[in-house]
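[1] Pasted the sequence and its predicted model underneath.
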Amino acid sequence: MINADSKQFIQAYDAAIRAGVPFDITYSAKLLLPGSDASIIVDRERITISIDDAPVPGDHPMSTFIEEHEFEIRDVTSGDLGVFTEIVMAGRWHNHETEMQGFEPYLVCKTDEKGNVSTATYKYDFFGYGGGGHSVGLNSHIDGWSAHRVIMAVTARLTDYSNLSPGLPKTLGLPTGAVWYPPAGLGLPCLVMEHANEQIAALSA
């Protein structure tokens, strides 16, 4: 669920621009922690979890974590499950040192009775959803390709560790990128941008 699909972003961005959006478009960001992609899938009958698109074994720390917080997860999703058949909380299982293990949510995907899926910023009152404060201003005159390049450049600046010793960012568990959220209600796509410096270097080669 957490992936950096640039082609999909560009296509969805261009489609939204053609449909008509305001001149000023502000994307906001939450820094992306290192770790494994993880999902908590909630429907009206059960809660299931996956890491890197594979079922999580019962002895995994995330299984224990979800069991301990099943009541809270059910509580925050109960209202939406009256309308939607499935809710997926997509994020990262952050595993930097034992005392820092935990699930960090970024996106929520909701499926309705007709099978339509909508993706939005995680805003349930559980797990926490801080870490924002970064933004980039775009406008409706630029296309998806250009928007992607602007966001890539800003992400590279936010996660530039060139002044640190090699290997230190990984040791410290520093963010590897950012999840970018568009203004609500405009049909614009979210974008996960990870390791932007490496992407820029590859494009410049």
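    Sure, I can see it. Given the structure is predicted, the values throughout are model-derived calculations rather than measurements.
[2] And the helices in this protein?
    For the chain, the helices defined by DSSP state H occupy 6-19, 61-68, 70-77, 144-158, 168-172, 196-204.
[3] Now the last one - C-alpha only, PDB.
    Same thing as helix 196-204. Output in PDB follows, covering the C-alpha atoms of helix 196-204 (Å, rounded to 0.1, in the frame of the first residue of the first chain):
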ATOM      1  CA  ALA A 196      14.500  11.000  -3.500                       C
ATOM      2  CA  ASN A 197      18.200  11.800  -3.700                       C
ATOM      3  CA  GLU A 198      18.900   8.500  -5.300                       C
ATOM      4  CA  GLN A 199      16.100   9.100  -7.800                       C
ATOM      5  CA  ILE A 200      17.400  12.500  -8.700                       C
ATOM      6  CA  ALA A 201      20.900  11.000  -9.200                       C
ATOM      7  CA  ALA A 202      19.600   8.300 -11.500                       C
ATOM      8  CA  LEU A 203      17.700  10.900 -13.600                       C
ATOM      9  CA  SER A 204      20.800  13.000 -13.900                       C
END
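[4] Give me the helices and strands touching that helix, please.
    Secondary-structure packing of helix 196-204 (3 or more C-beta pairs under 8 Å, 6 or more residues apart in numbering; DSSP states H and E): helix 144-158. In this view, the C-beta of every residue, glycine as well, is placed from N, C-alpha and C.
[5] mind running it again at 10 Å?
    Using 3 or more C-beta pairs under 10 Å, 6 or more residues apart in numbering; DSSP states H and E, the elements in contact with helix 196-204 are helix 144-158, strand 177-181.
[6] The third one too?
    If contacts are counted by 3+ C-beta pairs under 10 Å, 6+ apart, helix 70-77 sits against strand 36-43, strand 47-51, strand 84-94.
[7] what about the protein, any weak spots by pLDDT?
    Residues of the chain meeting the criterion pLDDT under 70: 1-4, 96-100, 128-131, 205.
[8] quick one: which of the helices of the chain is nearest Cys109?
    Closest to Cys109 of those, according to C-beta to C-beta: helix 70-77, at 12.2 Å.
[9] I'd say Ala184 and Ala120 touch.
    Yes: in this structure, Ala184 is within contact of Ala120 by C-beta atoms under 10 Å, at 7.1 Å.
[10] who's more crowded, these two?
    More neighbours surround Ala120 than the other of Ala184 and Ala120, with 13 against 10 (other C-beta atoms under 10 Å).
[11] could you list every residue that touches that one?
    Remark: with contacts taken as C-beta atoms under 10 Å, 6 or more residues apart in numbering, Ala120 is in contact with Leu107, Val108, Cys109, Lys110, Tyr181, Pro182, Ala184, Cys190.
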